[in-house]
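Asker: What follows is a predicted structure for the sequence shown.
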Amino acid sequence: MVIILKLTSIGADISSNDVSCSNKLVRNVKRDIPLLLEIGAFKADLTNITGDDLVISAFVPNKNLETVNAGIVEILRKNAENLGDLSGISPQPEGAGEGISYAEAVIRQDRYPDAIILAFDTYGGESFVGKVANSAIQSAKGMDGVTDVGGQITGGVRRIPGVGYVSDKTDDPVIAVTVEDIESIGVIAGAMVGSVLGNKNVYLVKRGSPSYVIPGSVIISVSAYMNGNVMDLAVPLSNRMRILR
């Protein structure tokens, strides 16, 4: 029997403030992530910390997707300093509000899973963040080495397997891209970040950086999930993009 493996990424604002995640919050979330392995995840980690938003990502067999998604939300809920985005989750479409962000992507089954995860945050809930996120998705689609792309911002209520329903109103979307060749990580991530930074008032930040930006701005973090390890790509990409003199 072929086991279909997927990448799932769930992001939420559960911080007690609007600009950053405390060290205590990060430690507590990371402490509980091994619980996801006990309920069926193949790999799991805290992949992105962007302003006051956290993203937990897991490689998971499709049969365990709903269980692991529910487990991720439970970890976020257990450690929340502020329910924030969690309060927007509804068991029915009618009650869906501004909730957690979700991205899901299929993995090519004959390869060890590698991925790129982009996470966004705003200070004032800027509505153009959806357009910014979708530009990164469009740049990744069709590229050599890309298996699947998840997280597109579309209109209407969205069902998150194992969790419930959320509305399309979000100021902190998440994008997940599964990659077939580890050497393609830089090319694909570079293209996505380049397309994002081409939008107005968008800034690349290191993992864990506060959102110290003038309102009207969007910040983005970019992580690679390679061989079961998480790497912040902000610094190597910014170094690669510098003008040589």
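Answerer: Looks like it came in fine.
Asker: if we look at stretch 13-26, which residues are touching it?
Answerer: If you take Cβ atoms under 8 Å, 6 or more residues apart in numbering as the criterion, stretch 13-26 is touched by 46, 49, 51-54, 76-77, 79-86, 121, 123, 172, 208, 210-212. The C-beta positions use only the backbone N, C-alpha and C, and glycine is treated the same way.
Asker: Just the buried residues from those, in ChimeraX please.
Answerer: Provided next is the ChimeraX selection string for whichever of the contacts of stretch 13-26 are buried by 16 or more other Cβ atoms under 10 Å:
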select :46,49,51,52,53,54,76,79,80,81,84,85,86,121,123,172,210,211
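Asker: Bridging across strands, which residues link to the spatially most central residue of the chain?
Answerer: Residue closest to the mean C-alpha point of the chain, counted by Cα atoms, centre = their mean, is residue 174 at 3.6 Å. Bridge pairing for residue 174 (DSSP bridges) gives the partners residue 119.
Asker: How about the contacts made by it?
Answerer: Contacts here follow Cβ under 8 Å, 6+ apart; on that basis residue 174 touches 9-11, 48, 55, 101-103, 117-120, 151.
Asker: rerun that using 10 Å as the cut-off
Answerer: 9-12, 47-48, 50, 53, 55-57, 100-103, 117-120, 133, 150-151 (Cβ atoms under 10 Å, 6 or more residues apart in numbering).
Asker: what does residue 71 give?
Answerer: Contacts of residue 71 (Cβ under 10 Å, 6+ apart): 10, 32-33, 35-41, 44, 56, 58, 60, 64, 162.
Asker: List only buried entries from these.
Answerer: Neighbour counting over the contacts of residue 71 (16+ other Cβ under 10 Å) leaves 10, 32-33, 36, 39-41, 44, 56, 58, 60, 64, 162 as the buried ones.
Asker: Show me the strands in this structure, by range?
Answerer: Secondary structure of the chain by DSSP state E: the strands cover 5-13, 43-50, 53-61, 101-106, 114-122, 146-150, 158-160, 164-166, 174-179, 202-204, 218-226, 229-232.
Asker: and of those, who's closest to residue 91?
Answerer: The closest approach between residue 91 and any of those, judged by Cβ to Cβ, belongs to strand 164-166 at 5.2 Å.
Asker: Check which residues of the closest one are buried.
Answerer: 164, 165, 166.
Asker: now for that strand, which elements pack on it?
Answerer: helix 65-79, strand 158-160 (3 or more Cβ pairs under 10 Å, 6 or more residues apart in numbering; DSSP states H and E).
Asker: Dump the C-alpha coordinates for the longest one into PDB.
Answerer: Meaning helix 65-79. In PDB, the C-alpha atoms belonging to helix 65-79 read as follows (Å, rounded to 0.1, in the frame of the first residue of the first chain):
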ATOM      1  CA  LEU A  65      -3.800  14.500   8.400                       C
ATOM      2  CA  GLU A  66      -6.900  15.400  10.400                       C
ATOM      3  CA  THR A  67      -5.500  14.000  13.700                       C
ATOM      4  CA  VAL A  68      -2.200  15.900  13.300                       C
ATOM      5  CA  ASN A  69      -4.000  19.200  12.300                       C
ATOM      6  CA  ALA A  70      -6.100  18.900  15.400                       C
ATOM      7  CA  GLY A  71      -3.000  18.200  17.400                       C
ATOM      8  CA  ILE A  72      -1.300  21.300  16.100                       C
ATOM      9  CA  VAL A  73      -4.300  23.500  17.000                       C
ATOM     10  CA  GLU A  74      -4.400  21.900  20.400                       C
ATOM     11  CA  ILE A  75      -0.700  22.900  21.000                       C
ATOM     12  CA  LEU A  76      -1.400  26.400  19.900                       C
ATOM     13  CA  ARG A  77      -4.500  26.600  22.100                       C
ATOM     14  CA  LYS A  78      -2.800  25.100  25.200                       C
ATOM     15  CA  ASN A  79       0.100  27.600  25.000                       C
END
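Asker: pLDDT averaged over that helix - what is it?
Answerer: Averaged over helix 65-79, pLDDT sits at 97.
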